[in-house]
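Peer 1: Have a look at this prediction, sequence included:
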Amino acid sequence: MPTINKHNRNKYCLITGATSGIGFELAKCFAADSYNLILVARNKQRLQEVTDLLKQTYTVEVTPVPKDLFRPAAARELYETTKEMGITVDVLVNDAGQGEWGPFVETSIERDIDIIQLNIISLLSLTKYYLEDMLQRNEGKILQVGSEAGTTPMPLLSVYAATKAFVLSFSAALSNELKDTGITLTVLLPGATDTDFFHKAHQEDTYVYRETALASPEEVAKDGYEALMKGENKIISGAKTKMHVFMNDLLGTKASTANARKQNEPSEKAGEPVTPGHAASRVERERINERTGGSDGDLP
Ligand SMILES: NC(=O)c1ccc[n+]([C@@H]2O[C@H](COP(=O)([O-])OP(=O)(O)OC[C@H]3O[C@@H](n4cnc5c(N)ncnc54)[C@H](OP(=O)(O)O)[C@@H]3O)[C@@H](O)[C@H]2O)c1
């Protein structure tokens, strides 16, 4: 029987990207601490499964809100939906994000713009809407899921890395603006983590995915959750990622960009599809297959 944290039992946390990978693990951290949850992702069936699972495991309210944050209107709709439900969002977690591997001239412009919409515009819009309400109460917490990729340009993942550079810069500026208020903003920088991200990004045959040790989404989420609760402005998750970020700073842009390229070059070990070790991320892929009628978890 989970212990109930009475302090949080009337509080609500909204998490985008809560059905897989880091977002799913963050949802578990909040639920374990008695926060009620509003979970956002596109796939309704998977959202319901995660809702049921969290309700069975923890004594919290869980509300699924299916929303495609590639759509420009979606962030405002989501905000209006929670208003209509009469929910006060005490904690906002902007986790949903995607990337696309490949030389910039070869990726589709539609996919590039979708990624900018999701990783930047939807994150920025949700931050604006919920922050205005938090400021009126002078209380609230925001967690932005950035990336190590935001600390250096990344050839072959150029648009994604640039979106995460935005998240890092925007978050640092905003935490400074909020320093004399009751609101804290934390940006989480994970390194390469074992989720379905690489598959969605067509990045599975790269050196970084095939040949380096990936972080576990559980550890990344724990780091983010703890830093958020302490009101820290930035958390780089894991010793390896801390070292990478330190080296990027030390080497400067040209050399760190060249290193980032090596990480994203095709691996000599490329071949058979890889299955994520993380169970929730495997289910994410299965649900995509069911929706598309495919077998490899590829989105249309
Ligand atoms: N994995 C890594 O190596 C890594 C490293 C650094 C940072 N990050 C960041 O961590 C965050 C989470 O990624 P992850 O690795 O946990 O990936 P993941 O396992 O692929 O999970 C992505 C989550 O976002 C949701 N999502 C994707 N597109 C969406 C959309 N258009 N609208 C609403 N929800 C959407 C997915 O559900 P649906 O598909 O049902 O929508 C899923 O719940 C991202 O911001 C990513 O950039 C990941």
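Peer 2: Sure, I can see it. None of these values were measured; they are calculated from a predicted model.

Peer 1: ok, which stretches of the stretch 201-300 of the chain are strands?
Peer 2: Assigned by DSSP state E, counting those that start in this stretch, the stretch 201-300 of the chain shows strands spanning 234-236.

Peer 1: where are the low-confidence patches of it?
Peer 2: In the predicted model of the stretch 201-300 of the chain, residues 293-300 satisfy pLDDT under 70.

Peer 1: what does it put close to the ligand?
Peer 2: The stretch 201-300 of the chain comes close to the ligand at residues S281, E284, as judged by CB under 6 Å from any ligand atom. In short, each C-beta sits where N, CA and C put it, glycine included.

Peer 1: switch the cut-off to 5 Å
Peer 2: S281 (CB under 5 Å from any ligand atom).

Peer 1: neighbours around the residue of the stretch 201-300 of the chain found nearest the ligand, how many?
Peer 2: Here the stretch 201-300 of the chain gets closest to the ligand at one residue, S281, 4.6 Å apart by CB to the nearest ligand atom. Look at S281: counted by other CB atoms under 10 Å, it has 25 neighbours.

Peer 1: Distance-wise, check the spatially most central residue of the chain relative to I15.
Peer 2: Centroid-nearest residue in the chain: D95, 2.6 Å away (criterion: CA atoms, centre = their mean). Applying CB to CB, to the nearest Å, the value for D95 to I15 is 6 Å.

Peer 1: I22 now?
Peer 2: Taking CB to CB, one finds I22 at 10 Å from I15.

Peer 1: still on that earlier bit, shared neighbours, D95 and I15?
Peer 2: G23, L26 (CB atoms under 8 Å, 6 or more residues apart in numbering).

Peer 1: unless I'm mixing things up, the residue of the stretch 201-300 of the chain closest to the ligand is touching I22, no?
Peer 2: No: here S281 does not reach I22: they are 9.3 Å apart, not a contact under CB atoms under 8 Å.

Peer 1: Between the two, which contacts overlap?
Peer 2: T195, P217.

Peer 1: Those residues of the stretch 51-200 of the chain touching the ligand, which are they?
Peer 2: 68-70, 95-97, 118, 145, 147, 190, 192-193, 195-197.

Peer 1: ok, and what's touching stretch 245-264?
Peer 2: 101, 148-149, 151-157, 161, 189, 203, 206-208, 212, 236.

Peer 1: Can you tell me which of those residues are classed as buried?
Peer 2: Listed as buried from the contacts of stretch 245-264 are 101, 148-149, 151-157, 161, 189, 203, 206-208, 236; burial here means 16 or more other CB atoms under 10 Å.

Peer 1: Cross those residues against strands and list the overlap.
Peer 2: Of the buried ones among the contacts of stretch 245-264, the ones assigned to strands by DSSP state E are L189, I236.

Peer 1: which residues touch T275?
Peer 2: T275 sits next to R282, R285 when contact means CB under 8 Å, 6+ apart.

Peer 1: For the lengthiest helix in the chain, which helices and strands make contact with it?
Peer 2: If you go by DSSP state H, the chain has its longest helix at helix 158-177. Judged by 3 or more CB pairs under 8 Å, 6 or more residues apart in numbering; DSSP states H and E, helix 158-177 is in contact with helix 109-116, helix 123-137, strand 140-145, strand 183-189, strand 234-236.

Peer 1: All the helices of the protein, residue numbers only.
Peer 2: With DSSP H, the ranges of helices along the chain come out as 21-32, 44-57, 74-84, 109-116, 123-137, 158-177, 197-200, 207-211, 217-230, 239-251, 253-264, 279-292.

Peer 1: Export these as a markdown table, with columns for distance to I183.
Peer 2: Shown next, in a markdown table, are the helices of the chain (distance: least, CB to CB, whole Å):
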| stretch | distance to I183 |
| --- | --- |
| helix 21-32 | 17 |
| helix 44-57 | 26 |
| helix 74-84 | 17 |
| helix 109-116 | 26 |
| helix 123-137 | 5 |
| helix 158-177 | 9 |
| helix 197-200 | 29 |
| helix 207-211 | 35 |
| helix 217-230 | 12 |
| helix 239-251 | 25 |
| helix 253-264 | 32 |
| helix 279-292 | 30 |
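
Peer 1: Go through the ones you listed and pick out the most buried.
Peer 2: Among the helices of the chain, helix 21-32 has the highest mean neighbour count (mean count of other CB atoms under 10 Å), at a mean of 25.

Peer 1: which strands and helices sit next to it?
Peer 2: By 3+ CB pairs under 8 Å, 6+ apart, helix 21-32 packs against strand 12-16, strand 36-41, helix 44-57, strand 91-94, strand 140-145, helix 217-230, helix 279-292.

Peer 1: hmm, who's touching the third one?
Peer 2: Helix 44-57 is contacted from outside by 2, 18-20, 24, 27-28, 31, 37, 39-41, 60, 62-66, 280, 283-284, 287, 290, using CB under 8 Å, 6+ apart.
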